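Novice: need a structure here:
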Amino acid sequence: MPQTVVVAFGGNAITRPGQKGTFEEQKTNVQETCRQLVELVRQGYRLILTHGNGPQVGNLLIKNELARDVVPAMPLDVLVANTQASIGYIIQQCLSFELARQGLKVPVVSLVTQVVVDPGDPAFYNPTKPIGPFYSEEEAKRLAKEKGYKVVEDSNRGWRRVVPSPQPLEIVEKEAIKALVEAGVIVIAAGGGGIPVALRPDGSLEGVEAVIDKDRAARLLANEVGAEILFLLTEVDQVYLDYGRPTQRPVRRLTVAEAKKYLQEGQFPPGSMGPKIEAAISFVEGGGERAIIGSLARAAEAIAGTSGTAIVAA
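Specialist: So this is what the prediction gives:
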């Protein structure tokens with residue numbers, strides 16, 4: 001049986017730092033991504049794609065505020081659904097075209113995906129998820145005062161608004177995703193970390209205002225659909241120890257025990273590589289064969305084991 005790979009890339013790969021986030025910019029960025037993904041399809045892998053939405057959902061929140069006196073503002077969970085649809089549409093269109101251009105007849109579908117969270121999650125009382133554009137410190141503090149934003153400095157890149165980011169507990173549409181993949185369909189699912197929903201006592205689902213971390217949702221998705229490989233895309237070719245220091249050195253392979261040790265030592269900060277390492281550990285401990293952290297430009301090499309960093313059980 002062909003192996004299933006869940007590929008997760010960030011919202012910044014769709015709207016890159018410094019860009020305005022126009023449709024044309026996003027489409028150009030996604031086209032580049034899709035050219036790399038087609039090689040994995042050619043090699044026989046079954047793909048599930050998921051993506052972040054930090055810049056995009058932040059922009060929608062700004063539109064909410066600017067237009068609230070003209071049209072009703074939408075809650076954050078609805079805005080996450082909007083980004084799933086808009087980004088999924090771009091990926092679906094670009095990937096379908098690239099597959100056809102290379103003579104591959106593989107259907108691609110975007111699936112609006114809900115993810116169950118606990119409404120009592122401590123994250124609702126301590127927002128940590130950066131979304132939207134970067135601000136100067138002065139501008140960020142002004143917005144915090146005027147609009148009640150919680151703002152933080154984001155990995156030395158500038159200041160951003162943060163919102164709650166609860167732990168994902170269950171992918172609601174996991175059976176539909178599995179069925180589509182087994183039928184040979186490339187599925188785009190759990191975009192933006194999934195639409196956060198809470199399970200009500202009567203069994204119904206209700207949206208909650210939050211943005212789930214994309215890497216955590218990708219990990220859960222990969223485990224729940226039985227994927228063999230979780231591929232977490234980054235801007236670097238592989239994981240480094242002592243990153244940014246004179247002693248910086250690449251790591252090609254980590255066992256779960258080693259990854260935990262380095263994580264505890266502070267090698268992988270929460271604002272950068274930390275969430276990816278945590279997701280990789282959880283995926284392998286949850287039964288996955290291996291998690292890979294690497295760059296999109298060398299995706300095929302990373303899957304083959306000649307690039308990227310693999311996290312394995314032992």
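Novice: who's in contact with the most centrally placed residue in the chain?
Specialist: Centroid check for the chain by CA atoms, centre = their mean gives residue 214 as the closest residue, at 3.0 Å. Residue 214 is in contact with 8, 10-11, 50-53, 192-193, counting by CB atoms under 8 Å, 6 or more residues apart in numbering. Where you see a C-beta, it was placed from the backbone N, CA and C, and this is true even at glycine.
Novice: same question, residue 27
Specialist: Contacts of residue 27 (CB under 8 Å, 6+ apart): 90, 94.
Novice: Give the burial count for residue 251, as a bare number.
Specialist: If you count neighbours by other CB atoms under 10 Å, residue 251 ends up with 17.
Novice: Might one say that it is in contact with residue 242?
Specialist: No - if you go by CB atoms under 8 Å, residue 251 and residue 242 don't touch, sitting 10.5 Å apart.
Novice: hang on, the earlier thing: can you tell me how far the residue nearest to the centre of the chain is from residue 194?
Specialist: For residue 214, the distance to residue 194 (CB to CB, to the nearest Å) stands at 9 Å.
Novice: One more: residue 175?
Specialist: Counting by CB to CB, the gap from residue 175 to residue 194 is 15 Å.
Novice: what does residue 265 give?
Specialist: For residue 265, the distance to residue 194 - CB to CB - is 31 Å.
Novice: what comes up buried for stretch 61-74?
Specialist: 61, 64 (16 or more other CB atoms under 10 Å).
Novice: From the opening residue of that stretch to its closing one, how far?
Specialist: End-to-end span of stretch 61-74 (CA to CA, to the nearest Å): 9 Å.
Novice: Need the residues that contact it.
Specialist: With CB under 8 Å, 6+ apart as the criterion, stretch 61-74 contacts 60, 76, 79, 82, 131-133, 147, 161.
Novice: Please state the offset of that stretch from the chain centre?
Specialist: 26 Å (CA atoms, centre = their mean, to the nearest Å).
Novice: Please say which of residue 175 and residue 194 ends up with more neighbours.
Specialist: Between residue 175 and residue 194, counted using other CB under 10 Å, the more crowded position is residue 194 (32 against 11).
Novice: Spit out the contact partners of that one.
Specialist: By CB under 8 Å, 6+ apart, residue 194 lies in contact with 80, 113-115, 168, 171, 212, 217, 221.
Novice: Now tabulate those residues in TSV and tack on distance to residue 122, secondary structure and pLDDT.
Specialist: What follows is the contacts of residue 194, written out as TSV (distance: CB to CB, whole Å; DSSP: H, G, I helix; E, B strand; the rest coil; pLDDT from 0 to 100):
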residue	distance to residue 122	secondary structure	pLDDT
80	20	helix	96
113	24	coil	98
114	21	strand	98
115	17	strand	98
168	15	coil	97
171	22	strand	98
212	14	coil	94
217	18	helix	97
221	23	helix	98
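Novice: distance of the residue nearest to residue 276 when sequence neighbours are not counted from residue 152?
Specialist: Using CB to CB, 6 or more residues apart in numbering and skipping residues adjacent in sequence, the residue nearest residue 276 is residue 232, 4.7 Å away. Going from residue 232 to residue 152 by CB to CB gives 23 Å.
Novice: These two: who's more crowded?
Specialist: For residue 232 versus residue 152, the count of surrounding residues by other CB under 10 Å is larger for residue 232: 28 against 17.
Novice: Which segments of the chain make up each domain?
Specialist: The chain breaks down into these domains under the TED database: 4-116+167-312, 128-163.
Novice: would the residue nearest to residue 276 count as being in a helix?
Specialist: No - Residue 232 is assigned strand when assessed by DSSP: H, G, I helix; E, B strand; the rest coil, not a helix.
Novice: ok, it - contacts?
Specialist: With contact taken as CB under 8 Å, 6+ apart, residue 232 is in contact with 8, 215, 218, 276, 279-280, 291-293.
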